[in-house]
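> Structure for this input, please:
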Amino acid sequence: MKRAIKTTFTDFPQLVLTPSTMICAECERAYNDKNLRFKPIYSDKRGEYRIIDRAEVLDLICNPQDEWVLSVPYSFKKHHWLYAGLSDKHTAYIGTDDRTIIVEYDKINIVELVNSVKDYIAYGVPRKELKAGKYSVFTLVKFPFLNTCEEFFEQARPCGLIDLIVQYTPAVKDKKTFERKEENTMLTSAESNAVTLLGCIAKSSRYRAENGLQFWDGFFERRINRFKSLDAHEFVSKLSEAVGSINNGGYAEMVRDMSEDDLNDMMAVIRSKTHLIVAIVYAEKDRD
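Reported below is the predicted structural model:
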């Protein structure tokens, strides 16, 4: 084993399933095969594999065979084949750099998922944000459809499938244009109150007037998160002070005139949907 395996190799638990000081010739041959490290590989016949093009990866996942093996590199530094398993039409065990991605075809519409990710990348949704499921205020405003698709994506994110699809979706030279329809956002009374209150505070913020980009790119939301555990009156007082707002937007009067139940409902929305509410405030900031 010491003569066959390099000292920089770290995936011993995947290569050697039972404790041993020996390695067989076939395993050593696979270990030394650079194609199994640097290239996407596919096999639908025992004892044989072929190097596939990156563009083939997602099509092969969408069209599973009775018996097949697929393994793909991310960094081109890892023995990704160690994480691949024998797949069939019901379940796939796809090898990647450091994990096995398990796809259960009976539980998820893989074709719809792949096409959705491809479309969103074509529209210009940042790949990093798609992988994490954490979208900036600017992205949510530009692509409001992300709010409706995220529940579907969440099913596939923990197993690493979204990462794989994003990784192997080709670059798009000519981006699609998303035409945002001007329509009234359907909000509950509490959500509408939250948007109105935060909009008033943002509009009268001196910091926003002087540092607009920084304000909307996290500053405002972080201040909301800092104070949103407080009751409504103290929340408004602390937040307006933190962002340099002066009460010419009427937010103090708004809170004063609301019933206790309405205040509690509004604060519950601010606490549970902070990022989304800030995105709506940003989207409507120029509307009179």
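> all strands of the protein, in order?
Listed in chain order, the strands of the chain (DSSP state E) span 41-45, 48-51, 69-71, 91-95, 100-104.
> C-alpha coordinates for the last one, PDB please?
I take that to be strand 100-104. Taking Å, rounded to 0.1, in the frame of the first residue of the first chain, the C-alpha atoms of strand 100-104 are listed here in PDB:
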ATOM      1  CA  THR A 100     -22.100  10.700  -3.500                       C
ATOM      2  CA  ILE A 101     -25.100  12.500  -4.900                       C
ATOM      3  CA  ILE A 102     -28.100  10.300  -4.500                       C
ATOM      4  CA  VAL A 103     -31.000  11.000  -7.000                       C
ATOM      5  CA  GLU A 104     -34.300   9.300  -6.300                       C
END
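> now it against strand 91-95, angle please.
160 degrees (axes from the mean of the first three to the mean of the last three CA atoms, to 10 degrees).
> give the contact list for E56.
40, 42 (CB atoms under 8 Å, 6 or more residues apart in numbering). For the C-beta atoms, the positions are set from N, CA and C on the backbone; glycine is no exception.
> How about residues contacting stretch 207-214?
Under the contact criterion CB under 8 Å, 6+ apart, stretch 207-214 has outside partners 202, 215-216, 219-220, 243-244.
> Considering these, which possesses the most neighbours?
Taking other CB atoms under 10 Å as the neighbour criterion, F220 ranks highest of the contacts of stretch 207-214 with 25 neighbours.
> and that residue, how far is that from V269?
Separation of F220 from V269 (CB to CB, to the nearest Å): 16 Å.
> hang on, the earlier thing: select, from the contacts of stretch 207-214, the two members most distant in space.
Greatest spatial distance in those: W216 and G244, 14.7 Å, computed using CB to CB.
> Retrieve the pLDDT associated with the closest residue to F215 other than its chain neighbours.
Nearest residue to F215, sequence neighbours excluded (CB to CB, 6 or more residues apart in numbering): R208, at 4.2 Å. Among the per-residue scores, R208 holds a pLDDT of 91.
> Would you mind measuring from R208 to I201?
Distance from R208 to I201, by CB to CB: 9 Å.
> quick one: common contacting residues for those two?
V243.
> For the stretch 151-288 of the chain, give me the ranges with low pLDDT.
The model of the stretch 151-288 of the chain has pLDDT under 70 over residues 178-185, 247-249, 286-288.
> Could you rerun that using 80?
Low-confidence segments of the stretch 151-288 of the chain, defined by pLDDT under 80: 173-186, 246-250, 285-288.
> so Y123 makes contact with P144?
No: applying CB atoms under 8 Å as the test, Y123 and P144 come out as separate, 11.5 Å apart.
> still on that earlier bit, so between R208 and I201, which is more surrounded?
I201 (24 against 21).
> Kindly check the end-to-end length of stretch 244-251 for me.
13 Å (CA to CA, to the nearest Å).
> And stretch 86-105, by the same measure?
By CA to CA, one end of stretch 86-105 lies 15 Å from the other end.
> and which of the contacts of stretch 207-214 is nearest to K176?
W216 (24.7 Å).
> how near is the closest one to V137?
From W216 to V137 the distance is 6 Å (CB to CB).
> what sits in contact with each of the two?
Joint contacts of W216 and V137 (CB under 8 Å, 6+ apart) are 278, 282.
> Need the CA coordinates for stretch 111-119. CSV is fine.
What follows is stretch 111-119, C-alpha atoms only, in CSV (Å, rounded to 0.1, in the frame of the first residue of the first chain):
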residue,chain,number,x,y,z
VAL,A,111,-36.0,16.9,-16.1
GLU,A,112,-38.1,19.8,-14.8
LEU,A,113,-35.4,20.6,-12.2
VAL,A,114,-32.5,20.6,-14.8
ASN,A,115,-34.5,22.8,-17.2
SER,A,116,-35.5,25.2,-14.5
VAL,A,117,-31.9,25.7,-13.4
LYS,A,118,-30.8,26.1,-17.0
ASP,A,119,-33.5,28.8,-17.6
